[in-house]
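>>> Build me a model:
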Amino acid sequence: MSIRERLYLKEEERPTLIRHCSEARYVWNLALEQRNLWVRYRTQKITYNSQAHELAELRRETWLREGSSVVQQQALRDLDRAFQNWWKRPDHFSRPTWRKAGIHEGFAIRDLSVRRLNRKWGQVFIPKCAWVKFRITRQCQDIAHASSARVTKDRSGRWFVSFTYPAPQMEREPTGEIIGLDMGVVHTATMSTGEFLDMPTLLSKGEQQCKRRLQRKLARQAKDSNRRKSTKLALAKESAKEKDRRNNWIEKTTTDLVRSYDLIALENLKIKNMTKSVKGTVENPGTNVAQKAGLNRVILERGWSLFKKRLTDKATNATTPVELIFINPAFTSMCCSKCGHTDKTNRESQAIFCCKACGYTNNADINAAKNIISTAVGHTVSGRGGTPHARSNKTQHSDPMKRQPAEVA
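I've put the predicted structure just below:
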């Protein structure tokens, strides 16, 4: 786990951090190219130690000697860890790829030194830049126990420092309550109790108009021009507001759910497949391409993947058991939660569900949420086995000191 704090730089400190980012990116890409060119018939393998030795020789002969050896060596460690993760779990981690300027702006710090100035401000030591001030928003003792840190710059120009420390357990008491969640577009999440969890409007009407105006302006400007860079930065600042507000709502909502319920069931949605384009090819063009693109955009704006990830993380770190059950989403919106009759004509519209067999009527999302929790309860009663419609992800408790995450690659 990491604690992310905002860095506030002086003008003379900014060039040094930008240089660290470019050097870390250069070393990463150079080492990645070397690993990509390796073939099996070569007797000498490429490891972190071999590349670190070559980096030391390269520093003696090139401009890299003017930079920080700590930052450059850590870039090699990050690449080696990325490959190790990919080899061990290729289903979860992807193959390491190139880092690009303007997108992958960051570097790691080892042998961390942090000091506190007052209740709201602290300083972190960055190689060749001395002490840099950051804003304290979390417990200072957690920051003091951090083993390493990573400095990053987002596309809106903001600098952050993330302190790595063991993941704490979320304090909660058993409630005996269960809930089913149906993720949607009109309502971000619908509960089986009939309540709706709606993400607030992320941008005001004026901010939305400003963002659209900047997007149209960006499309007309010449690439690599100074005016395009200025417009791109302004657009990134508007997008950063949207992202921060989305993350804030998801963090608060998932915390309330984990603390309130002992069992949470939701659909195991394949969001990557759901948001694929249908434009097709020249020979076989797709249909309703614009409508599908709009639906994809709304789904991604709702942050379903982040919602599921944060819910799983917090349930795993809860002090008392919280069980997550992921349900096969097939037919949950067509099946009647009262009699079990399944027919696509049961759903008369996006919001109205009316069973053709028993006449049961309800909101379509509430009906789907009830089907989800019914399947989850049946799966739990049957001993968590023998059904292909549910997958249990029960909390596995362990020593919190052993749950320290791997270094981000």
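
>>> Gly286 and Asp343, how far apart?
Noted for Gly286: a distance of 28 Å to Asp343, by C-beta to C-beta, to the nearest Å. In this view, the C-beta of every residue, glycine as well, is placed from N, C-alpha and C.

>>> same thing with Glu251?
Per C-beta to C-beta, Glu251 is found 39 Å from Asp343.

>>> again, but for Cys355
Plainly put, Cys355 is 8 Å away from Asp343 if you go by C-beta to C-beta.

>>> These two - which one has more neighbours?
Ranked by neighbour count (other C-beta atoms under 10 Å), Cys355 and Asp343 place Cys355 first, with 23 against 13.

>>> Without its sequence neighbours, what residue ends up closest to the more buried one?
With C-beta to C-beta, 6 or more residues apart in numbering as the criterion, Cys355 has its nearest non-adjacent residue at 3.9 Å, and that residue is Cys336.

>>> Can you name the residues that contact the residue lying closest to Leu112 once chain neighbours are set aside?
Here the nearest residue to Leu112 in space, its sequence neighbours aside, is Ala149; by C-beta to C-beta, 6+ apart that works out to 5.3 Å. Contact analysis of Ala149 by C-beta atoms under 8 Å, 6 or more residues apart in numbering lists Ala108, Ile109, Leu112, Val124, Val161, Ser162, Phe163, Thr164.

>>> a helix runs through the third one, doesn't it?
Meaning Leu112. No. Applying DSSP: H, G, I helix; E, B strand; the rest coil, one finds Leu112 to be coil, outside a helix.

>>> so what's the residue nearest to Leu112 bridging to?
Judged by DSSP bridges, the bridge partners of Ala149 are Ile109, Phe163.

>>> quick one, domains of this protein?
Listed domain ranges for the chain are 1-165, 178-398 (source: automatic domain parsing).

>>> worst average pLDDT in the ones you listed?
Confidence, taken as mean pLDDT, is least for domain 178-398 of these (a mean of 87).

>>> Touching stretch 221-235 from outside, list them.
With C-beta under 8 Å, 6+ apart as the test, stretch 221-235 has contacts from Arg155, Ser156, Gly157, Lys211, Leu214, Gln215, Lys217, Leu218.

>>> how about 7 Å then?
Under the contact criterion C-beta atoms under 7 Å, 6 or more residues apart in numbering, stretch 221-235 has outside partners Ser156, Gly157, Lys211, Leu214, Gln215, Lys217, Leu218.

>>> Please, which helix or strand holds the fourth one?
So the one you mean is Leu214. Using DSSP states H and E, the element containing Leu214 is helix 205-220.

>>> just checking, what packs against that helix?
If you count contacts as 3 or more C-beta pairs under 7 Å, 6 or more residues apart in numbering; DSSP states H and E, helix 205-220 packs onto helix 226-260.

>>> and the helix or strand following the helix it packs on with helix 226-260, angle?
Where DSSP H and E defines the elements, the next helix or strand beyond helix 226-260 is strand 263-267. Taking axes from the mean of the first three to the mean of the last three C-alpha atoms, to 10 degrees, strand 263-267 and helix 226-260 form an angle of 140 degrees between their directions.

>>> In terms of secondary structure, what does strand 263-267 contact?
Applying 3+ C-beta pairs under 7 Å, 6+ apart, one finds that strand 263-267 makes contact with strand 178-183, strand 323-327, helix 364-381.

>>> Need the winner for burial among those.
Ranked by mean neighbour count under mean count of other C-beta atoms under 10 Å, the helices and strands packed on strand 263-267 are led by strand 178-183, which reaches a mean of 24.

>>> Pairing partners for that one, with directions?
strand 189-191 (antiparallel), strand 263-267 (parallel).

>>> chain center to the shortest one: distance?
Strand 189-191 has its average C-alpha position 21 Å from the chain's average C-alpha position, going by C-alpha atoms, centre = their mean, to the nearest Å.

>>> List of residues touching that strand?
Here strand 189-191 has contacts from Ile179, Leu181, Asp182, Met183, Gly184, Phe196, Leu197, Asp365, Ile366, Ala369, using C-beta under 7 Å, 6+ apart.

>>> do the last one as well
Residues external to strand 263-267 that are found in contact with it (C-beta under 7 Å, 6+ apart): 178-183, 257, 311, 322-327, 329, 332, 372-373, 376.

>>> Now do the helices in the stretch 251-400 of the chain.
Counting by DSSP state H, counting those that start in this stretch, one finds helices in the stretch 251-400 of the chain at the ranges 271-274, 289-302, 304-316, 364-381.

>>> List every C-alpha atom in stretch 117-134, with coordinates, as CSV.
Only the C-alpha atoms of stretch 117-134 are listed here, as CSV (Å, rounded to 0.1, in the frame of the first residue of the first chain):
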residue,chain,number,x,y,z
LEU,A,117,8.0,20.5,9.8
ASN,A,118,4.6,21.0,11.5
ARG,A,119,1.1,19.5,11.6
LYS,A,120,0.4,20.1,7.9
TRP,A,121,3.8,20.1,6.2
GLY,A,122,6.7,17.7,5.8
GLN,A,123,9.9,17.3,3.7
VAL,A,124,11.3,14.4,1.8
PHE,A,125,15.0,14.1,0.7
ILE,A,126,15.4,13.7,-3.0
PRO,A,127,18.9,13.0,-4.5
LYS,A,128,20.6,16.1,-6.0
CYS,A,129,17.6,18.2,-5.0
ALA,A,130,17.9,18.2,-1.1
TRP,A,131,14.7,18.6,0.9
VAL,A,132,11.4,19.0,-1.0
LYS,A,133,8.2,20.1,0.8
PHE,A,134,5.0,18.0,0.7
